[in-house]
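Asker: Below are the sequence and a predicted model for it; my questions follow.
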Amino acid sequence: MTPEIKRQLTALFAIGCDIETAADFCGVVVADVLSELERDAAWQYDLKRAVAGFEIQHLQKLQAAARDEKNWKLSQWWLEGRWPERYARKADVVTTTELTKFVATIGEIVGDEITDDELRDRVLARLEALEM
């Protein structure tokens, strides 16, 4: 990895380019970029600063735009994205863990309430076969 390729990659990261596109543009493979980053701590630092600088530049633009009252949705979008647990709209979502627990509870009810052994076994087998 030549110093010129490193400079080009750093410049591409500084404008928000992802690693795959930057590597393609410079004619190198991602694995070589990652290997060089492991070997060259100074370059790793430079790339991190380039990426951070790009992010900070856009955060400053967002803050400037959010100062205008008509852009109130920008503040909403930012808060939802930054702290989704506190600000994002809550959807009625059932997790896989919750669904598994629910099916297990139904299985217990079926086991308790169906006295016909053959019918109970068939129903339980179908419940166990559900893919979650």
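Answerer: Alright, I've got the coordinates.
Asker: Number of residues surrounding the nearest residue to V30 once chain neighbours are set aside?
Answerer: Excluding the flanking residues, the one nearest V30 by Cβ to Cβ, 6 or more residues apart in numbering is A23, at 4.9 Å. From N, CA and C alone the C-beta is placed, and that goes for glycine too. Number of residues near A23 (other Cβ atoms under 10 Å) recorded here: 20.
Asker: middle-most residue in this structure, spatially?
Answerer: G81 (11.4 Å; Cα atoms, centre = their mean).
Asker: element containing the residue nearest to V30, please.
Answerer: Using DSSP states H and E, A23 falls within helix 19-26.
Asker: neighbouring contacts of the very next helix or strand once past that helix?
Answerer: Stepping forward along the backbone from helix 19-26, the first helix or strand reached (DSSP H and E) is helix 30-39. Residues from elsewhere that reach helix 30-39 (Cβ atoms under 8 Å, 6 or more residues apart in numbering): 1, 6, 9, 19-20, 22-23, 43-44, 47.
Asker: Would you reformat the residues you listed as CSV and include distance to E131 and pLDDT?
Answerer: Listed next are the contacts of helix 30-39 as CSV, based on distance: Cβ to Cβ, whole Å; pLDDT from 0 to 100:
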residue, distance to E131, pLDDT
M1, 46, 89
K6, 48, 97
L9, 44, 97
I19, 35, 95
E20, 33, 96
A22, 40, 97
A23, 39, 97
W43, 47, 96
Q44, 43, 96
L47, 43, 95
